[in-house]
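A.B. asks: with the sequence up front, the predicted model follows.
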Amino acid sequence: MQTRLADFIKDTPKGKEAEAILRACVHCGFCTATCPTYQLLGDELDGPRGRIYLIKQALEGEAVSERTQRHLDRCLTCRACETTCPSGVRYARLLDIGREVVEARVPRPLGTRIKRTLLRRLLPRRRLVASGLTLGRWLRPWLPTRMRAKVPAAPAAGRAADWPSAVHARKVVLLEGCVQPALAPNIDAAAARVLDRLGISVVRAGAGCCGALSHHLSAEEAALAYARANIDAWWPHIEAGAEAVLVTASGCGVMVKDYGTLLRHDIAYAAKAQRISELLRDPGELIGAEAVAGLALRPGPRPRVAFQAPCTLQHGLRRAAEVEAALRAAGFALTPVPDSHLCCGSAGTYSLLQPTLAERLRADKLAALRSGEPEVIATANIGCLTHLAAATELPVRHWLELLDEQLA
């Protein structure tokens, strides 16, 4: 794709990066076949190829409008197009750059600005999230239907406090995150218990929000501040020999994987950020089929499981196969899920900012998940878990919790 970037961005690092990405695109359109919003809306501008043209125009200095912004906002950043693209176009990174440029040139309505600011400033604060959930659950019977659906029920009594006490030679350092500890506190504890059986200690270093919420709301400096804070929290443990950074929410995992790219021009953090990205591990990489085969598991039947592979796991981290193999090795029968590459509609704050599209995508995903008559739905991301659980009677669990419950 030929480009003539405008002077305001042409010779900047982001401009050079965007130009290289644009030049890789050959207009083939394979990406549209796997784009969830294009399939729903049938508009070229609501598919990757159309959005690439919109971003190209913005970077070349052409006029942008609320319509431009709307089409970019509708993108889930699911990266299914990247999995399909034969040219290796880094669409998600181009979208980040394009959104930032359009955000600076198209003022949003006051109400929208307030909503986006509240989301990125409140959700990363763990205690505020927990307090808000408590209040929301108390008020739930009186809330409007759509708002009520956004307030998840309190998690079942689990073993969140049952953290292994053994100290092993092998150690990994954990991203605890912001929303997950309040919504599903047992997930990280389940990971720690399973890894403990494999001779690996999970170290909690106090790392908080990964920065993805701010990043996808075009608040780049805030996102980088979260990234730097996490690197500072992890680094002493990395120097002490921790072999990996463990992230149990795949949405956060993709963000941490991108730290090296996002901070590559930061003299103080570039090398550390790159090292952190290299050390990022999804649980499926540490708890694969071979590792599960060596665990002592309970005898007896297992529930039939429909595995919902989050977009961030299958298209961002590309680790869905390891998780599915681990579940099968543990004796779970996985039911078929048609169109498993399509997004469920959660996508971070997408379900809050684009509720109509998110609900349509969720309905399609739940129909696909239920088609194999499972007894439980498993996933690997807290956003997907809460989004799906709000609209189905089937239990929706993190796959690590299912595996943990089978430990003898």
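C.D. replies: Yes, it's here. In this text the structure is predicted, and so the values were computed from the model without any measurement.

A.B. asks: how much space between the residue nearest the centre of the chain and residue 192?
C.D. replies: In the chain, the C-alpha closest to the average C-alpha coordinate belongs to residue 251, at a distance of 1.5 Å (Cα atoms, centre = their mean). Relative to residue 192, residue 251 is positioned 20 Å away (Cβ to Cβ, to the nearest Å). In this view, the C-beta of every residue, glycine as well, is placed from N, C-alpha and C.

A.B. asks: check residue 8 too.
C.D. replies: Distance of residue 8 to residue 192, computed by Cβ to Cβ: 49 Å.

A.B. asks: who's more crowded, the two?
C.D. replies: For residue 8 against residue 192, the residue with the higher neighbour count under other Cβ atoms under 10 Å is residue 192, and the figures read 23 against 12.

A.B. asks: contacting residues around the helix or strand bottoming out on mean pLDDT in the chain?
C.D. replies: Every helix and strand in the chain was compared by mean pLDDT, DSSP states H and E; the lowest is helix 145-149, with a mean of 70. Contacts to helix 145-149, defined as Cβ atoms under 8 Å, 6 or more residues apart in numbering, come from residues 140, 355, 390-391.

A.B. asks: buried ones in it?
C.D. replies: The neighbour-count check on helix 145-149 (16 or more other Cβ atoms under 10 Å) flags residue 149 as buried.

A.B. asks: so after that helix, what's the next helix or strand?
C.D. replies: From helix 145-149 onward toward the C-terminus, using DSSP states H and E, the following helix or strand is strand 170-174.

A.B. asks: keeping just the C-alphas, turn that following strand into CSV.
C.D. replies: Once non-C-alpha atoms are left out, strand 170-174 reads as follows in CSV (Å, rounded to 0.1, in the frame of the first residue of the first chain):
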residue,chain,number,x,y,z
ARG,A,170,11.6,-22.7,40.6
LYS,A,171,9.6,-19.4,40.9
VAL,A,172,7.4,-17.3,38.8
VAL,A,173,6.2,-13.8,39.6
LEU,A,174,2.5,-13.0,39.2
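
A.B. asks: now the helix or strand just after it: how far from the chain's centre is it?
C.D. replies: Using DSSP H and E, the helix or strand that follows strand 170-174 towards the C-terminus is helix 180-183. Centroid separation for helix 180-183 versus its chain: 15 Å, with Cα atoms, centre = their mean, to the nearest Å.

A.B. asks: outside of the helix or strand just after helix 180-183, which residues touch it?
C.D. replies: Counting by DSSP H and E, the next helix or strand C-terminal to helix 180-183 is helix 186-197. The set of residues that contact helix 186-197 without belonging to it, under Cβ under 8 Å, 6+ apart, is 155, 158-164, 166, 168, 172, 174, 176, 180-181, 201-202, 204, 246, 248-249, 283, 286-287, 295-296, 382, 398, 400-401, 403-404, 407.

A.B. asks: again, only this time at 6 Å
C.D. replies: With contacts defined as Cβ atoms under 6 Å, 6 or more residues apart in numbering, helix 186-197 is touched by 158-160, 163-164, 166, 202, 248, 283, 287, 295, 398, 400-401, 403-404.

A.B. asks: residue 56: which of those is nearest?
C.D. replies: The shortest distance between residue 56 and any of these, using Cβ to Cβ, involves residue 248 and amounts to 37.3 Å.

A.B. asks: now that closest one: which helix or strand?
C.D. replies: When secondary structure is defined by DSSP H and E, residue 248 falls outside every helix and strand.

A.B. asks: for this protein, which helix is longest?
C.D. replies: With DSSP state H setting the assignment, residue counts place helix 220-239 as the longest helix in the chain.

A.B. asks: next, the angle strand 170-174 makes with that helix.
C.D. replies: Using axes from the mean of the first three to the mean of the last three Cα atoms, to 10 degrees, the inter-axis angle of helix 220-239 relative to strand 170-174 is 160 degrees.

A.B. asks: check which residues of helix 220-239 are buried.
C.D. replies: Using 16+ other Cβ under 10 Å as the burial criterion, the residues of helix 220-239 that qualify are 220, 222-224, 226-228, 230-231, 233-235, 237-238.

A.B. asks: how many neighbours does the closest residue in space to residue 52 that isn't next to it in sequence have?
C.D. replies: Nearest in space to residue 52, with sequence neighbours left out and distances taken as Cβ to Cβ, 6 or more residues apart in numbering, is residue 25 at 5.8 Å. Other residues near residue 25 number 21, with proximity taken as other Cβ under 10 Å.

A.B. asks: give me phi/psi at residue 25?
C.D. replies: The phi and psi values for residue 25, taken as degrees, to the nearest 10, are phi -80, psi 130.

A.B. asks: quick check: it touching residue 88?
C.D. replies: No. Under the criterion of Cβ atoms under 6 Å, residue 25 makes no contact with residue 88, lying 9.9 Å away.

A.B. asks: hmm, back to that, correct me, but the residue nearest to the centre of the chain touches residue 380?
C.D. replies: No. The pair residue 251 / residue 380 is not scored as a contact, 9.2 Å apart, by Cβ under 6 Å.

A.B. asks: related to what we said a few turns ago, what pLDDT does the model give the residue nearest to residue 52?
C.D. replies: We note a pLDDT of 93 for residue 25 in this prediction.

A.B. asks: check the gap between residue 304 and residue 393 for me.
C.D. replies: Distance, residue 304 to residue 393, using Cβ to Cβ: 15 Å.

A.B. asks: who has more neighbours out of those two?
C.D. replies: Between residue 304 and residue 393, counted using other Cβ under 10 Å, residue 304 has the larger neighbour count: 14 against 6.

A.B. asks: who's in contact with the more buried one?
C.D. replies: Contact analysis of residue 304 by Cβ under 6 Å, 6+ apart lists 333, 335, 374-375.

A.B. asks: counting neighbours, which of those residues comes out on top?
C.D. replies: These, ranked by neighbours (other Cβ under 10 Å): first place residue 374, 22 neighbours.

A.B. asks: secondary structure element for the residue nearest to it when sequence neighbours are not counted, which one?
C.D. replies: Leaving out its chain neighbours, the residue that sits closest to residue 374 by Cβ to Cβ, 6+ apart is residue 306, at 3.8 Å. When elements are assigned from DSSP H and E, residue 306 belongs to strand 304-307.

A.B. asks: contacts made by the helix or strand just after that strand with the rest, please.
C.D. replies: Taking DSSP H and E as the definition, the helix or strand that follows strand 304-307 towards the C-terminus is helix 311. For helix 311, contacts defined as Cβ under 6 Å, 6+ apart pick out 78, 343.
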